[in-house]
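A.B. asks: here is the input, now give the coordinates:
(one chain, ligands or ions: 1)
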Amino acid sequence: MASDDAWSTPSNDALLLSLVSPSPTGVKTVGHSFHPKFTYPIFGDSEEIFGYQDLEINLRYNASDMRPNLSITYSKKFPAVGETEATDVDGILREFLPDIAFQKKKDFETGIKSPRQDWTPPGKLATTFSSHGNTFEVWKGNLADLAVKQVVKRIQILVPLFIEGGSAIDVDDPDADRWTVFFLYQKKEASSDSTSNPYVFAGYCTVYRFFHFRLPTPPLSPSESDVEKATLAQDFDLSELPCRSRISQFIVLPPFQGKGLGSRLYSHIFEQYINHAPTVEITVEDPNEAFDDLRDVADLHYLRQLPEFQALRINTAVAIPKAGAAPNNIVDRAACEAVRVKAKMAPRQFARVLEMHLMSTLPEPVRPGISPEEKAAPKSATAEQEHEYRLWRLMLKKRIYKHNKDALGELEIPERIAKLEETVSSVEFDYARLLIRAEEQLKDRAEEQLKNGGEEQKKIGAATAAANGSAANGKRKAAEDGDEPVSKKARVEDE
Ligand SMILES: CC(=O)SCCNC(=O)CCNC(=O)[C@H](O)C(C)(C)COP(=O)(O)OP(=O)(O)OC[C@H]1O[C@@H](n2cnc3c(N)ncnc32)[C@H](O)[C@@H]1OP(=O)(O)O
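C.D. replies: Numbers count the residues shown, from 1 in each chain. All right, here's what the predicted structure looks like:
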């Protein structure tokens, strides 16, 4: 009998996903097939499937309505010996896929040929944009809509497969209407053959609406209290109440990744909630590093278009005390808060993007960059420039200290100071990296716009102007405190 190894297959390799569409001769794959990033939520921590040789698990999706079809093939199956038997792949996947996925291959292929050619994604068309010569559409719908629910049920397996720690949402929740779903589709030119639909699924995002509880500022005056009671006594639409809109699951399928589509989808969703009056804050559930990057850059572009954000400056008249608490007025706090509320950003996210932007406005000789050469040969800066940089760094240090007060408090003072300095330098590096990305993204988009022409040019122009002469120089400033270049790990302060 062959060893256990011979009967074991890494589940990430065995599972292959593809988008397909009907063709005159049968079914064709759209783009390239792809493997999942994670399978441990499905097949266990070891991500191994026992009991097969040459195991292939093909999960094919009809590219438009995402009707799934599962086929499992292998050359040999381990004959059960006592309690040791081959993993029940079909049985395990039934917990993650709707029944329709288990149809016979032939029925699936016949089935996807029959849908109407005028099929459109569920919900309503929210926006159209072009990217690298292709047309994309975002469709927006509510999970209470059966057509939206059907597609979500079909694609939910993508969450454990691509988002670490992600879990599917309960589509049968009586509060399903609190979920809004944004579908990203590529729209191909209508083909000469009448068999395939022009829509190809590229990704999706779910957004949950939380009620935004605001504690009344005590004491409520009798008149305010009466008004509140009267309001609550009436019939009112729950969807009109102030809410916090939280981006929960965000996926761009691998064949569409790294092309700027995630950023476009995020920016569109952000804009939707900026214009959605009941939303007071737009938040993100457990973002990972890739999503954080995408969001930081997109939020920076958005804020730089607001004149009141551009007007925020480091107040260089502020003196730095030799000892005691760091000053509170390095940037006008009331003005910051007004922009934050307008931009509906959570305080920490807003603070980060503001710090990043202000770093980009520092005079060139003191502006942190990412290149070690600059560290070896620092440019000479004037005393005023050094002062401005120290103020900026103090502001950053203060926020990071507050954010990590408990963890830092456990360290001895010299260690605490060293840890804080290290974290601040790491964040500086990260901001410099993101500012370069932001600049590159603007350039790419401007080129794209030049090719296509169009309205968006104006927005890009405004953001470019705000960034002009102030962007990161791609070099790392010599650290005053002699820090070594830190790792690229971004969120030290989040630990
Ligand atoms: C709330 C949440 O759901 S968090 C989980 C997010 N989802 C996932 O991780 C699922 C798998 N991954 C994906 O779906 C996609 O790769 C996404 C959503 C993370 C990014 O979408 P994409 O369309 O690939 O991003 P896009 O091409 O717009 O890139 C924008 C920026 O995101 C950042 N980014 C994208 N992918 C990565 C990555 N793998 N690692 C680090 N940064 C990344 C970069 O800053 C990039 O800018 P650049 O290409 O100019 O340097």
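
A.B. asks: low-confidence stretches in the stretch 101-250 of the chain?
C.D. replies: Low-confidence segments of the stretch 101-250 of the chain, defined by pLDDT under 70: 115-116, 191-195, 213-238.

A.B. asks: tell me the residues of it that contact the ligand?
C.D. replies: In this structure, the stretch 101-250 of the chain approaches the ligand at residues 162-163, 247, 249-250, judged by CB under 6 Å from any ligand atom. In short, each C-beta sits where N, CA and C put it, glycine included.

A.B. asks: so what's the residue count around residue 352?
C.D. replies: Residues lying near residue 352 (other CB atoms under 10 Å) number 25.

A.B. asks: ok, the one helix or strand it maps to near the ligand or not?
C.D. replies: Under the assignment given by DSSP states H and E, the secondary-structure element containing residue 352 is helix 347-360. No: figure legend: helix 347-360 not in contact with the ligand (CB under 6 Å from any ligand atom); closest approach 12.8 Å.

A.B. asks: please enumerate the helices of the stretch 201-350 of the chain.
C.D. replies: Assigned by DSSP state H, counting those that start in this stretch, the stretch 201-350 of the chain shows helices spanning 222-233, 261-274, 289-304, 307-310, 333-343, 347-360.

A.B. asks: what angle do the fifth one and helix 289-304 make?
C.D. replies: Okay, so that is helix 333-343. For helix 333-343 against helix 289-304, the angle by axes from the mean of the first three to the mean of the last three CA atoms, to 10 degrees is 110 degrees.

A.B. asks: neighbours of the closest residue to residue 74 other than its chain neighbours, just the number please.
C.D. replies: Leaving out its chain neighbours, the residue that sits closest to residue 74 by CB to CB, 6 or more residues apart in numbering is residue 52, at 4.1 Å. Residues lying near residue 52 (other CB under 10 Å) number 23.

A.B. asks: roughly how far does residue 52 sit from residue 113?
C.D. replies: 31 Å (CB to CB, to the nearest Å).

A.B. asks: and what of residue 297?
C.D. replies: Distance, residue 297 to residue 113, using CB to CB: 42 Å.

A.B. asks: those two: which has the busier surroundings?
C.D. replies: Just comparing residue 297 and residue 113: by other CB under 10 Å the higher neighbour count belongs to residue 297, 24 against 16.

A.B. asks: assign residue 197 to helix, strand or coil.
C.D. replies: Counting by DSSP: H, G, I helix; E, B strand; the rest coil, the backbone at residue 197 sits in coil.

A.B. asks: tell me, how many residues neighbour it?
C.D. replies: 23.

A.B. asks: distance of the closest residue to it other than its chain neighbours relative to the ligand?
C.D. replies: The spatially closest residue to residue 197, leaving aside those adjacent along the chain, is residue 64, at 4.1 Å (CB to CB, 6+ apart). Residue 64 sits 20 Å away from the ligand, taking CB to the nearest ligand atom, to the nearest Å as the criterion.

A.B. asks: so what's residue 64 up against?
C.D. replies: Residues in contact with residue 64, defined by CB atoms under 8 Å, 6 or more residues apart in numbering, are 21, 115, 119, 121, 196-197, 199-201.

A.B. asks: so how do I select the buried members of the residues you listed in ChimeraX?
C.D. replies: The ChimeraX selection below is limited to those of the contacts of residue 64 classed as buried (16 or more other CB atoms under 10 Å):
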select :21,121,196,197,199,200,201
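
A.B. asks: save the contacts of residue 64 as CSV, and put in distance to residue 357 too.
C.D. replies: Compiled in CSV, the contacts of residue 64 are given as follows (distance: CB to CB, whole Å):
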residue, distance to residue 357
21, 44
115, 48
119, 44
121, 36
196, 46
197, 43
199, 38
200, 37
201, 35
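
A.B. asks: I'd say residue 331 and residue 351 touch.
C.D. replies: No: under the criterion of CB atoms under 8 Å, residue 331 lies out of contact with residue 351, with a separation of 9.9 Å.

A.B. asks: report the contact partners of the nearest residue to residue 29 once chain neighbours are set aside.
C.D. replies: With sequence-adjacent residues excluded and distances taken as CB to CB, 6+ apart, residue 29 is closest to residue 18, at 4.9 Å. For residue 18, the contacting residues are 29-30, 32-34, 58-61, taking CB under 8 Å, 6+ apart as the criterion.

A.B. asks: what's the pLDDT at the nearest residue to residue 356 once chain neighbours are set aside?
C.D. replies: Once its chain neighbours are removed from consideration, residue 356 has its nearest residue in residue 431; the separation is 4.4 Å (CB to CB, 6+ apart). pLDDT for residue 431: 97.

A.B. asks: and whichever helix or strand residue 431 is part of, anywhere near the ligand?
C.D. replies: Counting by DSSP H and E, the element that carries residue 431 is helix 413-452. Yes: with CB under 6 Å from any ligand atom as the criterion, the ligand is reached by helix 413-452 at 437, 440-441.

A.B. asks: tell me the pLDDT at the residue of the stretch 251-400 of the chain found nearest the ligand?
C.D. replies: Of all residues in the stretch 251-400 of the chain, residue 262 sits closest to the ligand, at 2.3 Å by CB to the nearest ligand atom. The per-residue pLDDT reported for residue 262 equals 98.

A.B. asks: do I have it right that it meets residue 203?
C.D. replies: Yes: proximity of residue 262 to residue 203 meets the contact threshold set by CB under 8 Å, at 7.2 Å.

A.B. asks: who touches both of these two?
C.D. replies: By CB under 8 Å, 6+ apart, residue 262 and residue 203 have these common neighbours: 250, 252.

A.B. asks: output the below-cut-off pLDDT ranges for the stretch 351-495 of the chain.
C.D. replies: Screening the stretch 351-495 of the chain residue by residue with the criterion pLDDT under 70, one finds the ranges 372-378, 453-495.

A.B. asks: report the strands that pair with the helix or strand hosting residue 139, each with its relative direction.
C.D. replies: Residue 139 belongs to strand 134-142 when assigned by DSSP H and E. Based on DSSP bridges, the strands next to strand 134-142 in the sheet, each with its direction, are strand 124-131 (antiparallel), strand 179-187 (antiparallel).

A.B. asks: how deep is residue 342 tucked in, by neighbour count?
C.D. replies: By other CB under 10 Å, neighbour count at residue 342 equals 13.

A.B. asks: let me see the confidence value for it.
C.D. replies: 98.

A.B. asks: doesn't residue 308 make contact with it?
C.D. replies: Yes: under the criterion of CB under 8 Å, residue 342 makes contact with residue 308 at 7.4 Å.

A.B. asks: dihedrals phi and psi, the closest residue to the ligand within the stretch 51-200 of the chain?
C.D. replies: As assessed by CB to the nearest ligand atom, the ligand sits closest to residue 162 within the stretch 51-200 of the chain, at 4.1 Å. Recorded main-chain torsions at residue 162 are phi -130, psi -20, according to degrees, to the nearest 10.
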